[in-house]
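J.: quick one: sequence plus predicted model below, questions after.
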Amino acid sequence: MLRQILSGLAAVTLMATAYAKPITPDEALSRLKSANPKMAVPARSGKAQKLAHTTLTEKGNPAVYIFNQGENEGYLVLSADDIAYPLLGYADNGHAVEGNLPPQLEWWLSEYARQIEYANEHGISAETPKINIDRRSTMTAIAPMIKTKWDQVEPYYNQCPMVGTNRTYTGCVATAMAQVLKYWNYPEVGTGSISYECEDISKRLSMNFALRKFDWENMSDTYVPGQYTETEADAVAYLMKACGYAVKMNYNTESSGALAMNIASGLKKYLGYDQNILYDLRMYHSTSEWEQMIYDNLKTVGPILYGGGSMLGGGHSFVLDGYDGNGMFHFNWGWSGMSDGYFSLDALNPGSLGAGGGSGGGYNFTQDAVFGIQPPTGKPAEVRPLGMTQYGTLTAAIEGNVMSFNLEGEGQPMWVNYNPSTIKLKFGAIFEPQGNTGGETIYKDVSTMKLSVQPGYGTNPERLKPAVDLSDTPLKDGTYKVTFASVEIETGGDDIWTPVMQSYGNSNYVVLKKEGDKYTVDNIPAEMLQLVDGKFLTELYFGCMAKLEIEVANDSDIELTKGFAPVLINVENGAIYFIGESIYITLPPKTSEKREWTTPLNLVQQATISTDTEFYIAFLDEGTSNFFVSEDKIVMHPNPGIPTLSQIGAVRLNGENKSENLPNGTTAMVYHITDPNNIEVSTFVRLDQGIFNYNCLAFLVKPDFESTSGQVEILSMAGSPMFLQKDFRTRFDTTVSYPLMVPGEYYAIMMGYQWGSNYVSLKAQPTYFRLSSSDINELEETESDNSGEIYNLQGISLGYDFDSLPAGLYIRNGKKIIKK
């Protein structure tokens with residue numbers, strides 16, 4: 001499976017060189033060796049790197065090379081032009097075949113080629129600013145720390161509340177927390193008790209955390225049905241319950257949810273973790289700063305609880321627990337190991353969605369993290385006054401001697417409480433002398449209002465009417481930085497003025513100048529990515545996928561990140577009818593970029609499109625809620641109905657296939673799979689009738705050889721959007737994972753697609769396979785020793801500590817080894 005292709009696209013991959021030119025394959029390997037020797041190690045198993053594919057630009061110049069590593073040990077994606085960074089991506093298994101690449105990979109490679117050609121044509125030079133990639137040279141690889149592959153269903157939810165005869169889910173927050181707590185095997189027992197109202201199921205839930213110890217020794221890393229004891233199930237279920245109650249989980253039989261802001265307080269108050277745990281939002285930081293914070297935590301503390309939301313609904317909390325040394329972080333999604341892997345922080349799009357994972361679209365929207373999760377260190381708790389978060393950029397105006405404050409630039413400008421508890425506060429302004437002005441810092445109230453603000457709520461300038469009378473403010477002539485702040489009241493201690501937090505690129509201060517009786521104010525303009533252009537690349541059909549392209553520019557002097565989501569506004573009534581998934585973009589200063597992506601368009605209005613309907617094209621800035629409305633219009637056609645899709649030929653899997661007698665008495669070819677997390681699926685499909693702008697999928701099912709209903713349970717699925725032309729045969733490739741496969745039992749792959757909320761299977765014979773433990777044992781098994789340096793399959797050093805590694809395949813002393 002290709003764990004990383006494109007880290008932020010051109011924003012990260014394109015770098016400045018004085019004389020950009022195409023290079024030979026040998027030169028590409030040499031560049032990689034100079035820039036990243038660990039990745040350039042030619043397969044530690046001793047196999048040579050062989051050129052397998054070359055992607056050309058439209059002008060016929062080499063843009064990308066793919067080199068296979070050994071027979072089936074992955075491949076490297078390298079730049080064929082020295083204007084781009086040497087390593088563009090890598091796969092940890094499989095191999096590339098010229099003329100037979102997966103469509104998704106071909107598209108990514110064509111994107112690289114387009115960006116490289118664009119950079120050459122537009123004279124990107126050595127003086128062009130770029131993201132600080134140099135800092136990554138000191139960020140060495142950190143092997144994944146979490147060994148567990150847990151989930152939200154049985155046996156994990158065995159102690160969650162019941163609704164009638166149905167059990168509620170554990171919730172993604174609880175599953176993520178539980179896996180981090182298991183990493184530490186701490187605490188021995190919880191502290192205190194809690195009682196809260198669970199709204200969705202109308203029950204009051206209570207728990208005394210001190211009544212029972214955690215049974216760490218009896219918690220298994222994986223729970224395969226039929227292969228764990230009642231004691232092991234009870235141990236993990238109690239841990240899940242404790243985590244859920246600690247964050248006031250809102251339990252439900254469809255999905256359970258909790259506020260991420262409750263995680264830090266729950267860990268500290270009920271589970272005895274270090275008092276300096278910190279909940280933080282990505283919006284406060286630049287991409288470079290955020291990545292460094294995460295890496296430092298992995299290096300010095302341990303795993304991080306990470307979260308994200310999707311513009312199409314649903315959010316998720318998961319574990320960030322490793323780093324590959326090349327800008328990609330390892331995520332455990334909390335779905336029994338499904339889709340765990342290395343991802344860019346701007347492309348958190350797991351290939352298969354599991355329990356509680358929302359409706360799809362990835363988790364690039366509203367990212368947050370909980371830092372410093374560890375048992376008590378003995379260090380005193382840092383004083384962190386509760387403050388407010390500002391949406392918008394601060395502005396000020398002077399009329400007479402009164403300076404009034406306002407917020408601009410956001411869809412709904414306001415100050416919000418993102419803390420887990422209610423804040424009682426007042427607002428003020430901090431006047432700090434600048435340069436040679438001299439004098440002391442002055443603190444002034446901006447309103448007589450004293451507010452009690454609940455979590456998730458706030459106030460706006462219209463209500464607060466913040467202002468300062470400068471005539472009774474003892475300011476010398478000079479320049480002052482005036483920062484908007486809040487002050488907690490009724491705390492019993494000294495007043496602490498806390499500057500409001502703001503999204504990166506916005507300002508929480510203005511600059512005031514005083515000369516005699518004259519005052520002037522300079523407002524700091526917000527630094528935002530600018531949407532230059534946006535358009536759809538495909539015809540629109542109701543209920544179908546759509547492909548888009550946008551061009552974004554960063555005219556500022558700092559690195560900026562922003563998400564944009566497509567919106568369709570009805571021409572006749574001006575109402576928003578559809579919204580799509582956002583795309584997250586990070587750009588260096590003074591650069592621009594075009595990006596393409598595919599998304600479903602979710603209906604906002606309760607209506608259907610039964611005739612051709614005209615819409616304005618708009619894009620929503622997910623950070624500010626502002627709309628960029630284009631004068632361009634597009635027509636959406638009614639849904640074309642269920643298409644007729646055929647599977648051409650058999651489905652092929654990555655394994656040896658043998659003729660076997662199935663339990664129903666028939667004979668079929670059965671593939672023997674060695675890695676349940678990496679089942680490579682390949683076949684051809686053809687559109688026979690209708691329009692196909694949908695997700696084409698491979699379903700992993702458990703066949704019921706005794707059933708006559710024809711219905712089977714879908715255990716896992718994976719695929720990608722496809723835009724098929726009638727009567728054309730198109731190759732389909734994907735990788736499916738199902739970590740809970742039981743060795744020896746039969747499973748099957750069936751092809752199909754998603755039509756609305758329904759999954760439709762194609763009329764074709766299923767392809768049977770099973771997990772063969774005998775095949776795995778052909779690898780060299782190893783004891784728990786430290787006899788040599790260990791590498792992953794990409795040649796990245798993981799150190800010498802074999803016991804600390806999760807289950808998987810590794811290379812040591814030139815041989816492939818397996819840890820079970």
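T.: Received it, and whenever you're ready, just let me know what you need. Numbering: from 1, shown residues only.
J.: looking at Ala718 now. What's its pLDDT?
T.: Listed pLDDT for Ala718 reads 89.
J.: strand partners (parallel or antiparallel) of the helix or strand containing it?
T.: Of the helices and strands defined by DSSP states H and E, Ala718 is found in strand 713-724. Paired neighbours of strand 713-724 in the sheet (DSSP bridges): strand 692-702 (antiparallel).
J.: run the chain-centre distance for the partner strand.
T.: Centre-to-centre, strand 692-702 and its host chain are 22 Å apart (CA atoms, centre = their mean, to the nearest Å).
J.: quick check: Asn401 vs Gly516, distance?
T.: To Gly516, Asn401 is 12 Å away according to CB to CB, to the nearest Å. For every residue, glycine as well, the C-beta is placed using N, CA and C.
J.: and those two? which has more neighbours close in?
T.: A direct count of neighbours by other CB atoms under 10 Å for Asn401 and Gly516 places Asn401 higher, at 13 against 6.
J.: nearest spatial neighbour of the more buried one, skipping sequence neighbours?
T.: The shortest distance from Asn401 to any residue other than its chain neighbours is 4.1 Å, reached at Ser471 (CB to CB, 6 or more residues apart in numbering).
J.: what's around Val635, how many residues?
T.: A count of nearby residues for Val635, using other CB under 10 Å, gives 12.
J.: now Met139
T.: By the measure other CB under 10 Å, the count of residues near Met139 is 19.
J.: and the nearest residue to it once chain neighbours are set aside, what does it touch?
T.: In this structure, Met139 finds its nearest non-sequential neighbour in Tyr295, 5.1 Å apart by CB to CB, 6+ apart. For Tyr295, the contacting residues are Met139, Ile142, Tyr323, by CB atoms under 8 Å, 6 or more residues apart in numbering.
J.: so which of those residues comes closest to Asn554?
T.: Taking CB to CB as the measure, Asn554 sits nearest to Met139 out of these, at 23.7 Å.
J.: hang on, isn't Ala235 packed against Arg212?
T.: No. Ala235 is beyond contact range of Arg212, at 10.5 Å (criterion: CB atoms under 8 Å).
J.: those two: which has the busier surroundings?
T.: It is Ala235, of Ala235 and Arg212, that has more neighbours when counted by other CB under 10 Å, with 21 against 13.
J.: name the SS class of the more buried one, please.
T.: Using DSSP: H, G, I helix; E, B strand; the rest coil, the structure places Ala235 in helix.
J.: which pLDDT value does the model give it?
T.: According to the prediction, Ala235 has pLDDT 98.
J.: that older thread, now the strand holding Ala718: buried residues?
T.: For strand 713-724, burial by neighbour count (16 or more other CB atoms under 10 Å) applies to Leu715, Ser716, Met717, Ala718, Gly719, Ser720, Pro721, Met722, Phe723, Leu724.
J.: mind jotting down where the strands sit in the stretch 251-400 of the chain?
T.: Counting by DSSP state E, counting those that start in this stretch, the stretch 251-400 of the chain has strands at residues 278-281, 304-309, 315-323, 329-332, 341-343, 365-371, 389-391, 393-399.
J.: the fifth one - what's its average pLDDT?
T.: It stands for strand 341-343. Across strand 341-343, pLDDT averages out at 78.
J.: can you redo the contacts of Tyr295 as a markdown table with pLDDT and distance to Trp184?
T.: Listed next are these as a markdown table, based on pLDDT from 0 to 100; distance: CB to CB, whole Å:
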| residue | pLDDT | distance to Trp184 |
| --- | --- | --- |
| Met139 | 87 | 24 |
| Ile142 | 93 | 17 |
| Tyr323 | 93 | 19 |
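J.: format the residues you listed as TSV; extra columns: distance to Ala429.
T.: Supplementary listing: the contacts of Tyr295 in TSV, determined by distance: CB to CB, whole Å:
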residue	distance to Ala429
Met139	39
Ile142	43
Tyr323	41
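J.: ok, of those residues, which one's closest to Tyr457?
T.: Tyr323 (36.7 Å).
J.: list the contacts for the closest one?
T.: Met139, Ala141, Ile142, Tyr295, Leu298, Phe329, His330.
J.: find the nearest non-adjacent residue to the second one, please.
T.: Nearest non-adjacent residue to Ala141, counting by CB to CB, 6+ apart: Gly325, 3.6 Å away.
J.: how much space separates the residue nearest to Met139 from Thr287?
T.: As judged by CB to CB, Tyr295 and Thr287 stand 12 Å apart.
J.: what segments of the protein are helices?
T.: Listed in chain order, the helices of the chain (DSSP state H) span 10-13, 25-35, 37-40, 103-121, 172-184, 230-246, 261-270, 287-300, 461-464, 773-776.
J.: how about a markdown table for those helices, with distance to His637 added?
T.: Output for the helices of the chain, formatted as a markdown table (distance: least, CB to CB, whole Å):
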| stretch | distance to His637 |
| --- | --- |
| helix 10-13 | 33 |
| helix 25-35 | 45 |
| helix 37-40 | 47 |
| helix 103-121 | 25 |
| helix 172-184 | 37 |
| helix 230-246 | 45 |
| helix 261-270 | 43 |
| helix 287-300 | 39 |
| helix 461-464 | 43 |
| helix 773-776 | 49 |
